[in-house]
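Q: All I have is the shape, not the residue letters:
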(Lines give C-alpha, C1' and ligand atoms only; values in the text may rest on other atoms or scores of the structure.)
Protein backbone atom coordinates (compact mmCIF):
# COMPACT_ATOMS: atom_id res chain seq x y z
CA UNK A 1 0.00 0.00 0.00
CA UNK A 2 1.05 3.61 -0.55
CA UNK A 3 1.33 6.18 2.21
CA UNK A 4 -2.20 7.47 1.54
CA UNK A 5 -4.20 8.16 4.65
CA UNK A 6 -7.29 6.00 5.10
CA UNK A 7 -10.60 7.75 4.50
CA UNK A 8 -13.96 6.02 4.72
CA UNK A 9 -16.16 8.02 2.33
CA UNK A 10 -19.91 7.35 2.49
CA UNK A 11 -22.00 8.31 -0.56
CA UNK A 12 -25.76 8.49 -0.96
CA UNK A 13 -26.93 6.04 -3.67
CA UNK A 14 -29.58 8.31 -5.23
CA UNK A 15 -29.40 6.85 -8.73
CA UNK A 16 -27.96 4.09 -10.89
CA UNK A 17 -25.45 6.58 -12.31
CA UNK A 18 -24.17 7.56 -8.85
CA UNK A 19 -23.93 3.90 -7.85
CA UNK A 20 -22.02 3.00 -11.02
CA UNK A 21 -19.64 5.95 -10.64
CA UNK A 22 -18.87 4.90 -7.06
CA UNK A 23 -18.13 1.32 -8.08
CA UNK A 24 -15.85 2.52 -10.87
CA UNK A 25 -13.96 4.85 -8.51
CA UNK A 26 -13.53 2.05 -5.99
CA UNK A 27 -12.08 -0.16 -8.75
CA UNK A 28 -9.68 2.59 -9.84
CA UNK A 29 -8.53 3.41 -6.29
CA UNK A 30 -7.95 -0.25 -5.45
CA UNK A 31 -6.18 -0.82 -8.77
CA UNK A 32 -3.77 1.98 -7.85
CA UNK A 33 -3.43 0.62 -4.29
CA UNK A 34 -4.75 3.86 -2.80
CA UNK A 35 -5.97 3.25 0.71
CA UNK A 36 -9.52 4.64 0.61
CA UNK A 37 -12.75 2.82 1.42
CA UNK A 38 -15.89 3.94 -0.42
CA UNK A 39 -19.27 3.15 1.11
CA UNK A 40 -22.91 3.37 0.09
CA UNK A 41 -24.84 4.91 2.99
CA UNK A 42 -28.44 3.92 2.34
CA UNK A 43 -31.08 5.87 4.20
CA UNK A 44 -34.30 3.97 4.74
CA UNK A 45 -36.29 6.29 2.47
CA UNK A 46 -33.77 5.66 -0.36
CA UNK A 47 -33.47 1.88 -0.10
CA UNK A 48 -35.51 -0.41 2.13
CA UNK A 49 -37.10 -3.84 2.21
CA UNK A 50 -40.31 -2.42 0.72
CA UNK A 51 -38.70 -0.17 -1.90
CA UNK A 52 -37.40 3.39 -1.51
CA UNK A 53 -37.50 6.52 -3.67
CA UNK A 54 -34.56 5.15 -5.69
CA UNK A 55 -36.82 2.37 -6.92
CA UNK A 56 -34.65 -0.24 -5.18
CA UNK A 57 -35.60 -2.70 -2.49
CA UNK A 58 -32.64 -3.74 -0.34
CA UNK A 59 -32.36 -7.01 -2.26
CA UNK A 60 -32.50 -5.28 -5.66
CA UNK A 61 -29.93 -2.69 -4.57
CA UNK A 62 -27.53 -5.36 -3.37
CA UNK A 63 -27.91 -7.37 -6.59
CA UNK A 64 -27.30 -4.26 -8.72
CA UNK A 65 -24.13 -3.35 -6.82
CA UNK A 66 -22.87 -6.94 -7.02
CA UNK A 67 -23.50 -7.05 -10.76
CA UNK A 68 -21.47 -3.86 -11.27
CA UNK A 69 -18.63 -5.18 -9.11
CA UNK A 70 -18.56 -8.20 -11.37
CA UNK A 71 -17.52 -5.87 -14.19
CA UNK A 72 -15.18 -3.67 -12.12
CA UNK A 73 -13.70 -6.58 -10.23
CA UNK A 74 -11.31 -4.68 -7.97
CA UNK A 75 -14.16 -2.65 -6.57
CA UNK A 76 -15.15 -3.19 -2.95
CA UNK A 77 -17.80 -0.67 -1.90
CA UNK A 78 -19.31 -1.32 1.51
CA UNK A 79 -23.08 -1.46 1.69
CA UNK A 80 -24.15 0.44 4.80
CA UNK A 81 -27.46 1.22 6.44
CA UNK A 82 -27.71 4.89 7.43
CA UNK A 83 -29.89 6.18 10.31
CA UNK A 84 -31.63 2.98 11.33
CA UNK A 85 -33.61 3.60 14.49
CA UNK A 86 -37.13 4.20 15.77
CA UNK A 87 -38.60 7.46 14.53
CA UNK A 88 -36.97 7.63 11.12
CA UNK A 89 -38.61 5.85 8.14
CA UNK A 90 -39.76 2.97 10.34
CA UNK A 91 -41.18 4.08 13.67
CA UNK A 92 -40.79 1.10 16.01
CA UNK A 93 -37.85 -0.92 17.27
CA UNK A 94 -39.39 -4.12 15.88
CA UNK A 95 -39.60 -2.59 12.39
CA UNK A 96 -35.97 -1.44 12.64
CA UNK A 97 -34.90 -4.94 13.69
CA UNK A 98 -36.57 -6.29 10.54
CA UNK A 99 -34.63 -3.75 8.48
CA UNK A 100 -31.34 -4.88 10.02
CA UNK A 101 -32.19 -8.54 9.40
CA UNK A 102 -33.02 -7.76 5.76
CA UNK A 103 -29.83 -5.73 5.35
CA UNK A 104 -27.67 -8.54 6.72
CA UNK A 105 -29.45 -11.13 4.58
CA UNK A 106 -28.52 -9.00 1.56
CA UNK A 107 -24.85 -8.64 2.36
CA UNK A 108 -24.65 -5.28 4.12
CA UNK A 109 -21.36 -4.54 5.86
CA UNK A 110 -22.34 -1.91 8.43
CA UNK A 111 -25.42 -0.77 10.32
CA UNK A 112 -25.84 2.75 11.68
CA UNK A 113 -28.01 2.50 14.80
CA UNK A 114 -29.41 5.99 15.42
CA UNK A 115 -31.56 6.39 18.53
CA UNK A 116 -31.80 10.19 18.45
CA UNK A 117 -35.60 10.18 18.65
CA UNK A 118 -35.65 8.25 21.91
CA UNK A 119 -35.92 10.38 25.02
CA UNK A 120 -33.65 9.06 27.75
CA UNK A 121 -30.02 8.03 27.63
CA UNK A 122 -30.86 4.72 29.29
CA UNK A 123 -33.47 3.96 26.60
CA UNK A 124 -31.03 4.86 23.84
CA UNK A 125 -28.46 2.51 25.33
CA UNK A 126 -30.95 -0.32 25.80
CA UNK A 127 -32.23 -0.15 22.22
CA UNK A 128 -28.72 0.20 20.77
CA UNK A 129 -27.52 -2.90 22.60
CA UNK A 130 -30.68 -4.82 21.71
CA UNK A 131 -30.31 -4.05 18.00
CA UNK A 132 -26.59 -4.86 18.05
CA UNK A 133 -27.12 -8.17 19.80
CA UNK A 134 -29.82 -9.14 17.30
CA UNK A 135 -27.61 -8.22 14.35
CA UNK A 136 -24.68 -10.23 15.70
CA UNK A 137 -26.82 -13.37 15.83
CA UNK A 138 -27.27 -12.97 12.05
CA UNK A 139 -23.69 -11.99 11.20
CA UNK A 140 -20.93 -11.96 13.79
CA UNK A 141 -18.76 -9.81 11.49
CA UNK A 142 -21.25 -6.97 11.00
CA UNK A 143 -19.85 -3.51 11.80
CA UNK A 144 -21.72 -0.81 13.72
CA UNK A 145 -21.97 2.95 13.65
CA UNK A 146 -23.63 4.80 16.51
CA UNK A 147 -24.26 8.44 17.35
CA UNK A 148 -26.16 11.08 15.40
CA UNK A 149 -25.89 14.52 13.84
CA UNK A 150 -29.55 15.23 14.75
CA UNK A 151 -28.75 17.76 17.44
CA UNK A 152 -30.74 18.54 20.54
CA UNK A 153 -30.09 18.67 24.26
CA UNK A 154 -31.12 15.01 24.64
CA UNK A 155 -28.61 13.88 22.01
CA UNK A 156 -25.65 15.92 23.26
CA UNK A 157 -23.22 13.68 25.14
CA UNK A 158 -20.61 15.42 27.25
CA UNK A 159 -17.20 13.71 27.20
CA UNK A 160 -17.75 11.80 30.46
CA UNK A 161 -21.15 10.60 29.22
CA UNK A 162 -19.64 9.61 25.89
CA UNK A 163 -16.92 7.57 27.58
CA UNK A 164 -19.44 5.76 29.77
CA UNK A 165 -21.79 5.19 26.83
CA UNK A 166 -19.04 3.69 24.69
CA UNK A 167 -17.93 1.43 27.53
CA UNK A 168 -21.46 0.05 27.89
CA UNK A 169 -22.03 -0.39 24.13
CA UNK A 170 -18.63 -2.06 23.75
CA UNK A 171 -19.71 -4.81 26.13
CA UNK A 172 -21.68 -6.03 23.10
CA UNK A 173 -19.29 -4.88 20.33
CA UNK A 174 -16.99 -1.89 19.95
CA UNK A 175 -18.54 0.39 17.31
CA UNK A 176 -16.59 0.94 14.11
CA UNK A 177 -17.76 4.57 13.78
CA UNK A 178 -19.17 7.17 16.13
CA UNK A 179 -20.95 10.19 14.62
CA UNK A 180 -19.59 13.27 16.34
CA UNK A 181 -21.07 16.73 15.81
CA UNK A 182 -18.45 18.97 14.17
CA UNK A 183 -20.64 22.12 13.79
CA UNK A 184 -20.61 21.92 9.98
CA UNK A 185 -24.11 22.55 8.62
CA UNK A 186 -25.50 21.98 5.11
CA UNK A 187 -27.76 24.82 4.01
CA UNK A 188 -29.19 24.74 0.52
CA UNK A 189 -26.22 24.11 -1.76
CA UNK A 190 -23.63 25.23 0.78
CA UNK A 191 -21.80 24.08 3.88
CA UNK A 192 -21.00 26.39 6.76
CA UNK A 193 -17.53 24.83 6.67
CA UNK A 194 -17.18 25.17 10.42
CA UNK A 195 -15.04 22.53 12.01
CA UNK A 196 -15.06 22.66 15.78
CA UNK A 197 -15.47 19.16 17.22
CA UNK A 198 -15.03 18.60 20.94
CA UNK A 199 -11.33 17.76 21.26
CA UNK A 200 -11.88 15.80 24.48
CA UNK A 201 -14.52 13.67 22.78
CA UNK A 202 -12.19 13.06 19.83
CA UNK A 203 -9.53 11.82 22.24
CA UNK A 204 -12.02 9.50 23.96
CA UNK A 205 -12.96 7.99 20.59
CA UNK A 206 -9.31 7.52 19.70
CA UNK A 207 -8.54 5.91 23.07
CA UNK A 208 -11.56 3.61 22.61
CA UNK A 209 -10.49 2.46 19.14
CA UNK A 210 -13.56 4.04 17.53
CA UNK A 211 -13.25 6.04 14.31
CA UNK A 212 -14.86 9.48 14.28
CA UNK A 213 -17.37 10.02 11.46
CA UNK A 214 -18.74 13.31 10.18
CA UNK A 215 -22.14 13.48 8.54
CA UNK A 216 -23.13 16.53 6.47
CA UNK A 217 -19.74 16.83 4.76
CA UNK A 218 -21.32 18.02 1.50
CA UNK A 219 -20.00 21.06 -0.39
CA UNK A 220 -16.65 21.22 1.42
CA UNK A 221 -13.62 22.68 -0.35
CA UNK A 222 -10.48 20.58 -0.68
CA UNK A 223 -8.86 22.74 1.97
CA UNK A 224 -11.76 22.13 4.37
CA UNK A 225 -11.52 18.39 3.73
CA UNK A 226 -7.75 18.44 4.27
CA UNK A 227 -8.12 20.12 7.66
CA UNK A 228 -10.17 17.14 8.83
CA UNK A 229 -7.73 14.45 7.77
CA UNK A 230 -5.84 14.12 11.06
CA UNK A 231 -8.96 13.71 13.20
CA UNK A 232 -11.93 12.66 11.06
CA UNK A 233 -11.62 9.17 9.57
CA UNK A 234 -15.00 8.98 7.82
CA UNK A 235 -17.36 11.35 6.03
CA UNK A 236 -20.83 11.11 4.57
CA UNK A 237 -21.65 13.09 1.43
CA UNK A 238 -25.13 12.59 0.02
CA UNK A 239 -27.36 15.47 -1.18
CA UNK A 240 -24.48 17.07 -3.10
CA UNK A 241 -24.40 14.09 -5.46
CA UNK A 242 -28.13 14.30 -6.08
CA UNK A 243 -27.88 18.03 -6.76
CA UNK A 244 -24.97 17.41 -9.13
CA UNK A 245 -26.96 14.89 -11.17
CA UNK A 246 -29.99 17.19 -11.34
CA UNK A 247 -27.88 20.19 -12.37
CA UNK A 248 -26.05 18.15 -15.02
CA UNK A 249 -29.32 16.85 -16.46
CA UNK A 250 -30.87 20.32 -16.61
CA UNK A 251 -27.75 21.80 -18.23
CA UNK A 252 -27.83 19.17 -20.98
CA UNK A 253 -31.54 19.83 -21.51
CA UNK A 254 -30.73 23.52 -21.97
CA UNK A 255 -28.16 22.66 -24.64
CA UNK A 256 -30.57 20.51 -26.63
CA UNK A 257 -33.71 22.57 -26.09
CA UNK A 258 -35.56 19.93 -24.07
CA UNK A 259 -38.44 21.25 -21.97
CA UNK A 260 -38.08 20.51 -18.24
CA UNK A 261 -41.15 22.31 -16.91
CA UNK A 262 -43.09 19.14 -16.06
CA UNK A 263 -40.18 17.77 -14.02
CA UNK A 264 -39.65 21.05 -12.20
CA UNK A 265 -43.34 21.29 -11.33
CA UNK A 266 -43.37 17.69 -10.08
CA UNK A 267 -40.46 18.39 -7.75
CA UNK A 268 -41.98 21.66 -6.56
CA UNK A 269 -45.31 20.03 -5.75
CA UNK A 270 -43.54 17.14 -4.00
CA UNK A 271 -42.31 19.51 -1.30
CA UNK A 272 -39.09 17.64 -0.48
CA UNK A 273 -37.15 20.86 -1.06
CA UNK A 274 -38.48 22.18 2.25
CA UNK A 275 -35.88 20.07 4.08
CA UNK A 276 -33.06 22.01 2.38
CA UNK A 277 -34.57 25.48 1.91
CA UNK A 278 -32.57 28.27 3.54
CA UNK A 279 -34.39 31.55 2.96
CA UNK A 280 -37.77 32.29 4.47
CA UNK A 281 -39.02 33.90 1.28
CA UNK A 282 -40.90 32.30 -1.58
CA UNK A 283 -39.27 29.57 -3.65
CA UNK A 284 -40.06 28.78 -7.27
CA UNK A 285 -39.81 25.53 -9.26
CA UNK A 286 -36.42 26.55 -10.73
CA UNK A 287 -34.94 26.76 -7.22
CA UNK A 288 -36.80 23.77 -5.80
CA UNK A 289 -35.71 21.38 -8.55
CA UNK A 290 -32.01 21.59 -7.69
CA UNK A 291 -32.63 21.09 -3.98
CA UNK A 292 -34.89 18.07 -4.37
CA UNK A 293 -34.73 16.75 -7.91
CA UNK A 294 -33.01 13.55 -6.74
CA UNK A 295 -36.11 12.45 -4.84
CA UNK A 296 -37.88 12.20 -8.20
CA UNK A 297 -35.44 10.40 -10.48
CA UNK A 298 -37.89 7.49 -10.67
CA UNK A 299 -40.81 9.67 -11.74
CA UNK A 300 -42.09 9.59 -15.32
CA UNK A 301 -41.22 13.26 -15.81
CA UNK A 302 -37.50 12.66 -15.19
CA UNK A 303 -37.42 9.42 -17.17
CA UNK A 304 -38.94 11.26 -20.16
CA UNK A 305 -36.18 13.87 -19.96
CA UNK A 306 -33.50 11.18 -19.85
CA UNK A 307 -35.08 9.43 -22.83
CA UNK A 308 -35.10 12.63 -24.88
CA UNK A 309 -31.50 13.41 -23.92
CA UNK A 310 -30.39 9.92 -24.92
CA UNK A 311 -31.37 10.77 -28.51
CA UNK A 312 -28.69 13.49 -28.53
CA UNK A 313 -25.95 12.40 -26.11
CA UNK A 314 -24.87 9.72 -23.64
CA UNK A 315 -26.38 11.48 -20.65
CA UNK A 316 -25.75 8.61 -18.24
CA UNK A 317 -22.03 8.60 -19.04
CA UNK A 318 -21.87 12.38 -18.63
CA UNK A 319 -23.43 12.10 -15.17
CA UNK A 320 -21.12 9.23 -14.19
CA UNK A 321 -18.01 11.22 -15.13
CA UNK A 322 -19.24 14.27 -13.18
CA UNK A 323 -19.92 12.13 -10.11
CA UNK A 324 -16.50 10.49 -10.32
CA UNK A 325 -14.86 13.91 -10.46
CA UNK A 326 -16.70 14.92 -7.27
CA UNK A 327 -15.67 11.70 -5.49
CA UNK A 328 -12.02 12.40 -6.37
CA UNK A 329 -12.45 15.96 -5.04
CA UNK A 330 -12.96 14.46 -1.55
CA UNK A 331 -10.31 11.78 -1.95
CA UNK A 332 -7.70 14.29 -3.14
CA UNK A 333 -8.68 16.85 -0.54
CA UNK A 334 -8.27 14.36 2.28
CA UNK A 335 -4.87 13.41 0.95
CA UNK A 336 -3.74 17.02 0.75
CA UNK A 337 -3.62 17.39 -3.04
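A: Structure's in. What do you need? All of these numbers come straight from a predicted model, not from anything done at the bench.
Q: Local confidence estimate at the residue of the chain most remote from its centre?
A: Distance from the C-alpha centroid of the chain peaks at residue 257, with 33.2 Å (C-alpha atoms, centre = their mean). Here the pLDDT value assigned to residue 257 is 98.
Q: show me where pLDDT drops low in the stretch 1-150 of the chain?
A: Within the stretch 1-150 of the chain, the segments meeting pLDDT under 70 span 1-5.
Q: can you check the stretch 151-300 of the chain too?
A: Confidence mapping of the stretch 151-300 of the chain against pLDDT under 70 gives the ranges 151-154, 279-280.
Q: need the strands for it, in chain order.
A: 177-179, 186-187, 190-191, 211-214, 234-237 (DSSP state E, counting those that start in this stretch).
Q: How about residues contacting the longest helix seen in the chain?
A: The longest helix of the chain (DSSP state H) is helix 315-334. Contacts with helix 315-334, where a contact means C-beta atoms under 8 Å, 6 or more residues apart in numbering, come from 5, 7, 9, 11, 15-18, 20-22, 24-25, 29, 34, 36, 38, 217, 220-226, 228-229, 235, 237, 240-241, 244-245, 248-249, 252, 306, 309-310. All C-beta spots, glycine's among them, are computed from the backbone N, C-alpha and C.
Q: If we ignore the residues flanking it in sequence, what's nearest residue 262?
A: residue 301 (4.6 Å; C-beta to C-beta, 6 or more residues apart in numbering).
Q: helix or strand for residue 82, which one?
A: strand 78-84 (DSSP states H and E).
Q: what element comes up after that strand heading to the C-terminus?
A: Taking DSSP H and E as the definition, the helix or strand right after strand 78-84 is helix 93-105.
Q: Name the residues of stretch 211-231 that are buried.
A: 211-220, 222, 224-228, 231 (16 or more other C-beta atoms under 10 Å).
Q: Equivalent analysis for stretch 172-184, please.
A: Here stretch 172-184 shows 172-173, 175-182, 184 as buried, counting by 16+ other C-beta under 10 Å.
Q: likewise stretch 32-45?
A: 36-44.
Q: same question, stretch 230-247
A: In stretch 230-247, counting by 16+ other C-beta under 10 Å, buried: 231-246.
Q: before we move on, back to that, between the strands of the stretch 151-300 of the chain, which one is closest to residue 198.
A: For residue 198, the closest of the strands of the stretch 151-300 of the chain is strand 211-214, at 10.3 Å, according to C-beta to C-beta.
Q: If you count contacts, what does the closest one end up packed against?
A: Packing partners of strand 211-214 (3 or more C-beta pairs under 8 Å, 6 or more residues apart in numbering; DSSP states H and E): strand 7-11, strand 177-179, helix 199-208, strand 234-237.
Q: Please enumerate residues in contact with the third one?
A: Judged by C-beta under 8 Å, 6+ apart, the contacts made with helix 199-208 from elsewhere in the structure are 157, 159, 162-163, 166-167, 170, 174, 178, 180, 211-212, 231.
Q: could you redo the last one with a cut-off of 7 Å?
A: 159, 162-163, 166, 178, 180, 212, 231 (C-beta atoms under 7 Å, 6 or more residues apart in numbering).
Q: how about the buried residues of stretch 32-45 in a markdown table, adding secondary structure and distance to residue 140?
A: Shown next, in a markdown table, are these (DSSP: H, G, I helix; E, B strand; the rest coil; distance: C-beta to C-beta, whole Å):
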| residue | secondary structure | distance to residue 140 |
| --- | --- | --- |
| 36 | strand | 26 |
| 37 | strand | 21 |
| 38 | strand | 24 |
| 39 | strand | 20 |
| 40 | strand | 22 |
| 41 | strand | 22 |
| 42 | strand | 22 |
| 43 | coil | 26 |
| 44 | coil | 24 |
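Q: Look up how far residue 125 lies from the nearest residue to residue 117 once chain neighbours are set aside.
A: Closest residue to residue 117 apart from its sequence neighbours, by C-beta to C-beta, 6+ apart: residue 87 at 2.9 Å. Per C-beta to C-beta, to the nearest Å, residue 87 is found 16 Å from residue 125.
Q: on that earlier part again, just confirm the residue nearest to residue 117 contacts residue 119, I think it does.
A: No: using C-beta atoms under 7 Å, residue 87 makes no contact with residue 119, being 10.5 Å away.
Q: Give the residue from these two that has the larger number of neighbours.
A: Remark: of residue 87 and residue 119, residue 87 carries more neighbours, 15 against 9, as counted by other C-beta atoms under 10 Å.
Q: so how far is residue 126 from that one?
A: Residue 87 sits 15 Å away from residue 126, taking C-beta to C-beta as the criterion.
Q: Since that was my last question, I'll sign off now.
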